[in-house]
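> Build me a model:
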Amino acid sequence: MINVRQAAYLSVLRHYKENRFSNLEIDSAIKKYGFTGPDRSLFTVIVYGSIERRITLDYYLSACSVKPVDSLDPEVMAILLTGAYQILFLDRVPDHAAVNEAVECAKKYKPASKGFVNAVLRKLISVKDSLELPSDRIKNLSVRYSMPEWIVSLWQEQYGDAEDILCGIDKPPTITLRTNTLVNTRAELMEKLGDTPCEYTETSPDGIHILRGISFEELEELCGNGAYVQDEASQMAVRAVDAVPGEFIIDTCCCPGGKTFGIAMCMENKGKVLALDLHKSKLSLVEKGANRLGIDIIETREHNSKNAIPEYIGSADRVLCDVPCSGLGVVAKKPETRYKNREDIARLPEIQYAILQASSSYLRSGGTLVYSTCTLNKSENENIVGRFISENSGYILENMTTYFPKAGKTDGFFVAKIKKTSEEKIL
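Residues are numbered from 1 along each chain as shown. Next comes the predicted model:
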């Protein structure tokens with residue numbers, strides 16, 4: 001029989017050895033082991049935390065290990081990470097219990113390491129309150145918030161004090177709902193929530209932010225098709241599209257479909273939404289989601305949006321261009337995002353610009369395009385939009401908005417609204 005901490009160790013190990021996404025690994029393990037209630041919660045916290053806090057954990061473990069941590073076997077490192085995370089970040093887990101569980105885990109999965117694991121974690125207990133953090137500002141923030149130095153430097157240079165952003169993503173993310181206005185109002189949905197211990201607040205025009213008191217599973221059962229999960233910033237991106245009933249709208253990078261659904265709801269399920277995406281396998285999720293929510297105006301199509309579909313050029317009233325991005329605005333929900341390869345991110349702007357160029361060709365005269373990302377990086381945001389406006393006549397920038405993360409309640413997001421004018425610029 002496997003216990004919660006051993007299961008957490010195995011999931012962290014699989015994440016690093018097999019490069020598995022943390023959310024998929026967690027969901028799979030919970031189903032496999034049948035964790036519910038407190039066990040489910042503890043398992044999830046340990047796995048997410050051990051991945052999210054890797055830089056901080058490495059710093060503390062390096063000070064306690066006679067061996068360089070980057071030379072340790074993955075099995076030993078996973079045991080140390082899950083144990084150290086509990087010691088440093090979980091007040092409800094006694095330090096001695098975290099050490100004992102880690103040693104038992106070592107006995108079961110890596111017997112030769114049990115003495116080493118015991119020594120490192122016991123030393124961690126003795127130094128955790130006195131170990132000094134780096135004096136350099138960037139290095140200090142990197143260790144404190146477990147964010148790579150290059151991202152801290154990027155935010156410091158582009159947005160001022162990076163710590164404001166880091167504080168915003170440092171809290172565990174909570175759930176925000178988007179009301180399905182095709183079947184109920186937000187007031188009706190709040191009446192249902194009022195019969196539960198749930199605490200919530202209103203957010204965007206159709207949003208409800210869940211503070212505490214109800215699980216995701218309970219929310220699903222309570223709301224049915226009356227709502228779906230969508231961050232407030234994503235809801236505001238949909239609002240920027242300003243869709244109305246009867247229009248023809250193209251969503252050029254639609255998966256997993258949340259914004260597509262929101263657009264269809266703003267249209268009162270009247271008109272047509274063409275939902276494009278590069279990944280055919282993901283389009284079934286959009287189709288299933290639309291069916292669950294009672295939406296029948298969405299047509300899906302596999303397509304690489306770096307190139308325009310000739311038959312739709314000049315035909316769309318509005319276009320949403322929510323491009324693939326580095327995801328630096330959603331690191332609170334996707335902890336592995338912060339460890340993406342810097343070189344891979346540097347290649348994104350050219351892809352994003354190509355998608356924006358192709359997407360703009362769909363607009364009719366007077367039409368509106370919304371360019372959005374879930375990242376905080378001006379190279380993927382303002383610079384892309386600025387380049388597009390400077391290189392293309394006949395388009396004007398109406399506004400640009402950056403949404404900064406707020407203590408687990410809102411993602412980091414960028415939204416720009418571009419209008420195609422009826423007259424071309426004279427060059």
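> show me where the stretch 201-350 of the chain has strands.
Listed in chain order, the strands of the stretch 201-350 of the chain (DSSP state E, counting those that start in this stretch) span 207-212, 227-229, 248-251, 272-277, 298-302, 316-322.
> residue ranges with poor pLDDT in this structure?
Low-confidence segments of the chain (pLDDT under 70): 408, 422-427.
> Adding mean neighbour count and distance to Tyr362, write the strands of the stretch 201-350 of the chain out as a markdown table.
Every C-beta, even on glycine, is put in place using the N, C-alpha and C of the backbone. As requested, these are arranged in a markdown table below (neighbours: other Cβ atoms under 10 Å; distance: least, Cβ to Cβ, whole Å):
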| stretch | mean neighbour count | distance to Tyr362 |
| --- | --- | --- |
| strand 207-212 | 18 | 28 |
| strand 227-229 | 20 | 26 |
| strand 248-251 | 26 | 5 |
| strand 272-277 | 23 | 9 |
| strand 298-302 | 17 | 13 |
| strand 316-322 | 25 | 4 |
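> domain ranges for the chain?
The chain breaks down into these domains under automatic domain parsing: 4-127, 137-166, 175-229, 232-420.
> Which parts of the stretch 51-200 of the chain are strands?
Along the stretch 51-200 of the chain, the stretches classed as strands by DSSP E, counting those that start in this stretch are 175-179, 199-202.
> just these: most buried one?
Stretch with highest mean neighbour count among the strands of the stretch 51-200 of the chain: strand 175-179 (a mean of 24; mean count of other Cβ atoms under 10 Å).
> helices or strands up against it?
helix 186-193, strand 207-212, helix 216-223, strand 227-229, helix 232-241, helix 258-266 (3 or more Cβ pairs under 8 Å, 6 or more residues apart in numbering; DSSP states H and E).
> Run the angle between the last one and strand 298-302 for me.
Angular relation of helix 258-266 and strand 298-302 on a 0 to 180 degree scale: 150 degrees, by axes from the mean of the first three to the mean of the last three Cα atoms, to 10 degrees.
> what does the longest one give?
Angle between the axes of helix 232-241 and strand 298-302 is 100 degrees (criterion: the same axes, to 10 degrees).
> contact partners of helix 232-241?
The contact list for helix 232-241, computed with Cβ atoms under 8 Å, 6 or more residues apart in numbering, reads 176, 178, 203-207, 209, 249, 258-259, 262-263, 266, 318, 320, 322, 329, 368, 370, 372, 374, 401, 403, 409-413, 415, 417.
> shouldn't Ile55 be in contact with Arg144?
No: using Cβ atoms under 8 Å, Ile55 makes no contact with Arg144, being 9.3 Å away.
> Within its sheet, name the partner strands of the strand of greatest length in the chain and how each one runs.
Counting by DSSP state E, the longest strand found in the chain is strand 363-373. Strand pairing for strand 363-373, using DSSP bridges, gives strand 316-322 (parallel), strand 413-420 (antiparallel).
> what about the nearest residue to Asp231 once chain neighbours are set aside, distance to Arg318?
Using Cβ to Cβ, 6 or more residues apart in numbering and skipping residues adjacent in sequence, the residue nearest Asp231 is Asp411, 4.7 Å away. Distance of Asp411 to Arg318, computed by Cβ to Cβ, to the nearest Å: 23 Å.
> What of Arg14?
Arg14 is 42 Å from Arg318, where distance means Cβ to Cβ.
> same question, Ala7
Ala7 is 47 Å from Arg318, by Cβ to Cβ.
> go on, Leu328?
According to Cβ to Cβ, Leu328 stands 27 Å off from Arg318.
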